[in-house]
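Trainee: Sequence and predicted structure are below.
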Number of protein chains: 2
Amino acid sequence: MADDRLSVIFGALADPTRRAILARLAQGPASVNELAEPFAMTLPAVSKHLKVLERAGLISRGREAQWRPCKLEAEGLQEASEWVDRYRQFWESSYDKLDAHLKNMMKGT
Amino acid sequence: MADDRLSVIFGALADPTRRAILARLAQGPASVNELAEPFAMTLPAVSKHLKVLERAGLISRGREAQWRPCKLEAEGLQEASEWVDRYRQFWESSYDKLDAHLKNMMKGT
DNA sequence: CGGTTAATTAGCTTGTTGGTAAATTACCCA
DNA sequence: TGGGTAATTTACCAACAAGCTAATTAACCG
């Protein structure tokens, strides 16, 4: 995968395990073991996913005794959102056109 | 990469060439050769990128004589946006907290 | 028909991803 | 000190992504 910021961010989001981890972290911080628990996957595998998310600026990791609590970070998510938002106008206008088309059909013209 | 819809969509966005193609298509439809022109890359490589974008529902391809004009599609973009939007509240509240923190500092307390 | 242009498919190489098991680091507690 | 728990690192493997060249399909034109 390319290593520019946006590619790293979207690449991190392109995996259901990683999206599930983000969804969990949206409820509050968690340890690696807590995050790993729902998945049929070894701990090192989850650890790798966390590293990908961290590199993308989607999470950060702290230190508390032998735990390394993860928490969601706004930065990466916001960058992704900003990129996608540039296309919002496009699809909104597509729906306007569809809407106009349907109305036209229903008029029977 | 996983083959669920969102992973396919984010995976397609995780490449600067593909994002540049989408940016070009936001200005209007284009042929494969037109799309390939800005890149130091062979035509088959661009063709592959287009297939990835098509599979993700980000573009569609038509037929006009020997040309296969591509155009932007709202569908995939909108799904990506909807997913990211679920986290908007999170980072907005993060900024609120930052804002509150800064105001507090400036009060000198 | 034969030639040209547009685009895709096929086959190959190279580097990366996602997983594992085993070893290691780091910290707590008795 | 030694044992237990949390997490990462290392070494390895299979599958996949992204690029290339060469060959092929498809449509037009003369």
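Mentor: Ah, there it is. Residues are numbered from 1 along each chain as shown, chains lettered A, B, ... in the order given.
Trainee: Going by C-alpha atoms from here, please, whenever you check contacts or count neighbours.
Mentor: Fine.
Trainee: residues in chain A within reach of DNA strand D, list them.
Mentor: A:1, A:31-34, A:43-44, A:46-48, A:50, A:66-69 (Cα under 7 Å from any atom of the strand).
Trainee: Buried among these? Make that a PyMOL selection.
Mentor: To isolate the buried subset of the residues of chain A next to DNA strand D in PyMOL, counting by 16 or more other Cα atoms under 10 Å in any protein chain shown, use the following:
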select buried, chain A and resi 31+32+46+50+68+69
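Trainee: can you tell me which of the residues of chain A next to DNA strand D are up against chain B?
Mentor: With Cα under 8 Å from any Cα of the partner chain as the criterion, the residues of chain A next to DNA strand D include residue A:1 near chain B.
Trainee: Now do the contacts for the residue most central in space within chain A.
Mentor: In chain A, the centroid-proximal residue (Cα atoms, centre = their mean) is residue A:13; its distance is 4.4 Å. Residue A:13 sits next to A:19, B:7, B:10-11 when contact means Cα atoms under 8 Å, 6 or more residues apart in numbering or on different chains.
Trainee: Which single one of these is nearest to residue B:86?
Mentor: When those are compared for distance to residue B:86 (Cα to Cα), residue A:19 wins out at 11.7 Å.
Trainee: Identify the residues contacting the helix or strand harbouring the closest one?
Mentor: Under the criterion of DSSP states H and E, residue A:19 resides in helix A:16-25. Residues from elsewhere that reach helix A:16-25, judged by Cα under 8 Å, 6+ apart: A:12-13, A:35, A:39, A:49-50, A:53, A:58-59, A:70-72, B:2, B:4, B:7.
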